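Trainee: Sequence and predicted structure below; questions after.
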Amino acid sequence: MTQTPKTSAPPPGHGPTPGVPTLPSVPPQPSRPAPPGLPAAEPRRTAFAEGFDQLRAAATTEPGRLRLIGALLAALVMAFGAVAAWQMADRAAAADDVLNRSQPLSSDAADIYRSLADANTAAASGYLAGLQEKPAMREGYEQDIRTAAAKLVQAAANSEPGSTSADTIAELSRLLPEYKGLVETARANNRQGYPVGGAYLRAANEMMQQKMLPAAEKLHQTENQRLRADYAAAKSFPWGAAALGVVALAALGWAQRRNYRRTNRVLNHGLVTATAASTVVLLWLAVGHTVARAGLNDSYDHGVRSLDVLHEARIASLTARSDENLTLVRRGADSRTLDDGKVVDLYEWGYDQEIDRLGKALARAEGLADDTAGRKPVQDANGFMKVWKDRHGLAREDNDSGDYQAARDRVIGAAKEPTSVCFDNVDKALAAALTHEQTEFKRAAGDGRDSLSGLPTGAAVLAVLGAAGAVLGIGRRLSEYR
């Protein structure tokens, strides 16, 4: 029996309507290409192209052109203010780094060098004095060691991990206790009358002269390079901001001239406000940077350069004093052959070299000093140095003639006029000169930095005011078309 296949009934509401004929279903036909000769449909244009066309169409009318001019003027003034604020903030930060970071770190590096050299000098003086070593002499050595250690910790905290300065500081921190151990061993043997103490003192001096002081000098040079980089960043002229300022003023001038030619009105308050604000920013930028540059140049010429030369003079005096002491400690055991074949005592020859270096450094320092307060301590140090040279000559004569005790008394203080007093006077005079030049540096660098303070914020505020003035000025013209 054949069964008729069942069809599913349509859901309610979707069946054929009575009395309305149903249309036969048409199968989908494949798409056919456009007949030859007919153009293909154009692709949809990008939003940017459509926007450009709309902008070009708007520019064909005066209101549209005014809107475009207002937008461009506002954008140009804002760009000028933003770039001026950014560049001057960058230079103000560099000037602040010169005053509060780079130069103090450079001075700390110089203090590390001086403290190490002074400790080495005090160690030699204490050894030479032996049982007659005074508590003040010993305390001076300990104070130098503590100062060097504290400055190393401070420099390590301010240095970048993995940098050359950090590696140098780590090396000095490792060598410092080794050096102190050698000095203590030399001192202990010397107090017991063992000659081997001199060998330990020589080993300590060689460690200081060949490893520690060169490392401290390297640290000082590295920090000086960073100081010069900060100076260069602070003094570089903001050409980008200046160029944008000139362009903004030229555009504002052109807009006002255009407005005058079309309306015969001399002033547009909004555009005048924008021009005035931009002019103030440009003049402030130029004058402020010029004053800051002058202050920074002054701080470098009469601050940093003087400090460097005075540090060199102080180090030369310390080294000369150390060589003077070691001449008597070693008693001619170390010699040097000069280029002319002459054999001289190593430390006596070193004293001559360093005292000559001291005299040259003092001459340069006096030439760099720009006032009486700066020149006087340098002149005093030069006078004390000359007396030192004369008294050292007498001690050398005694030593060369075999009177070791008389030479020793002339050096460490038993005589009426020992060279130790001359060295102390030179060191005190140089310390006074350093204090004065440090004050001069802070004053000049502070003036330079203060000339830039407020300029970034002022440039941003005036730029907003100028942009608002440009928009309002153009808006006033647009209102005439309504």
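Mentor: Structure received. All figures in this text were calculated on a predicted structure; none of them were measured in a lab.
Trainee: For the protein, give me the ranges with low pLDDT.
Mentor: For the chain, applying pLDDT under 70 flags the ranges 1-60, 132, 264-266, 330, 332-341, 343-344, 414-415, 478, 480-482.
Trainee: Strands of that one, residue ranges please.
Mentor: Applying DSSP state E to the chain gives strands spanning 335-337, 343-345.
Trainee: what's the spacing between the spatially most central residue of the chain and Ala156?
Mentor: For the chain, the residue nearest the mean C-alpha position is Asp230 (3.2 Å; Cα atoms, centre = their mean). Distance, Asp230 to Ala156, using Cβ to Cβ, to the nearest Å: 20 Å. Just so you know, the C-beta spots here come from the backbone N, C-alpha and C atoms, and that holds for glycine as well.
Trainee: ditto for Gly126
Mentor: For Gly126 relative to Ala156 (Cβ to Cβ), the value is 29 Å.
Trainee: out of those two, which sits in the busier spot?
Mentor: Between Gly126 and Ala156, Gly126 has the larger neighbour count (other Cβ atoms under 10 Å), namely 23 against 15.
Trainee: shouldn't that one be in contact with Arg187?
Mentor: Yes. Between Gly126 and Arg187 a contact is recorded at 6.6 Å, counting by Cβ atoms under 8 Å.
Trainee: Go ahead and confirm the residue nearest to the centre of the chain touches Ala94.
Mentor: Yes. The pair Asp230 / Ala94 is scored as a contact, 5.1 Å apart, by Cβ under 8 Å.
Trainee: What is the burial count for the closest residue to Thr222 other than its chain neighbours?
Mentor: Of all residues not flanking Thr222 in the chain, Ser165 sits nearest, at 5.0 Å (Cβ to Cβ, 6 or more residues apart in numbering). Ser165: 21 surrounding residues under other Cβ under 10 Å.
Trainee: for Ser165, what are its contacts?
Mentor: 155, 159, 219, 222-223 (Cβ atoms under 8 Å, 6 or more residues apart in numbering).
Trainee: Let me know the distance separating it from Thr275.
Mentor: On the measure of Cβ to Cβ, Ser165 and Thr275 end up 49 Å apart.
Trainee: who's in contact with Ser102?
Mentor: With Cβ under 8 Å, 6+ apart, Ser102 has these contacts: 223, 226-227, 229-231.
Trainee: Also Ala459?
Mentor: Residues in contact with Ala459 (Cβ under 8 Å, 6+ apart) are 81, 84-85, 88, 241, 281, 284-285.
Trainee: what does Gly475 give?
Mentor: Per Cβ under 8 Å, 6+ apart, neighbours of Gly475: 70, 270.
Trainee: measure it to Ala71 for me?
Mentor: 11 Å.
Trainee: top helix in the chain by residue count?
Mentor: Looking across the chain with DSSP state H, the single longest helix is helix 62-97.
Trainee: Name the residues of that one that are buried.
Mentor: 64, 66-67, 69-70, 73-74, 76-97 (16 or more other Cβ atoms under 10 Å).
Trainee: what's it packed up against?
Mentor: helix 47-58, helix 213-235, helix 239-263, helix 269-299, helix 419-452, helix 455-478 (3 or more Cβ pairs under 8 Å, 6 or more residues apart in numbering; DSSP states H and E).
Trainee: For Asp118, which of these is the nearest?
Mentor: Among those, the nearest to Asp118 by Cβ to Cβ is helix 419-452 (8.1 Å).
Trainee: Is it correct that Asp380 is in contact with Ala429?
Mentor: Yes. Assessed by Cβ under 8 Å, Asp380 is found in contact with Ala429 at 4.3 Å.
Trainee: Show me which of these two is the more surrounded one.
Mentor: Neighbour count, other Cβ under 10 Å: between Asp380 and Ala429, Ala429 has more, with 24 against 18.
Trainee: Next, the contact list for that one, please.
Mentor: Going by Cβ under 8 Å, 6+ apart, Ala429 touches 377-378, 380-381, 384.
Trainee: with these in mind, which one is nearest to Met207?
Mentor: Ala381 (29.0 Å).
Trainee: Can you get me a residue count around that closest one?
Mentor: When neighbours are counted by other Cβ under 10 Å, Ala381 registers 28.
Trainee: before we move on, what about Glu217?
Mentor: Using other Cβ under 10 Å, Glu217 is surrounded by 16 other residues.
Trainee: Arg146 too?
Mentor: 12.
Trainee: Over to Gly288?
Mentor: The number of residues packed near Gly288 is 22, by other Cβ under 10 Å.
Trainee: Use 29 as the first number for this chain going forward.
Mentor: Fine by me, first position is 29 from now on; the one you just mentioned is Gly316.
Trainee: which residues sit in contact with it?
Mentor: Applying Cβ under 8 Å, 6+ apart to Gly316 gives the contacts 116, 479-480, 483.
Trainee: Return the distance of it relative to Pro484.
Mentor: Gly316 is 10 Å from Pro484, by Cβ to Cβ.
Trainee: Mutual contacts of those two, please.
Mentor: Met116.
Trainee: Which residues are in contact with Ser327?
Mentor: Here Ser327 is in contact with 126, 468-469, 471-473, 476 (Cβ under 8 Å, 6+ apart).
Trainee: again with Asn325
Mentor: When contacts are counted by Cβ under 8 Å, 6+ apart, Asn325 is found next to Lys263.
Trainee: which parts of stretch 458-476 are buried?
Mentor: 458, 460-462, 464-466, 468-470, 472-476.
Trainee: next one: stretch 219-236
Mentor: 225-233, 235-236.
Trainee: Repeat that for stretch 426-439.
Mentor: Buried residues in stretch 426-439, counted by 16+ other Cβ under 10 Å: 426-427, 434-439.
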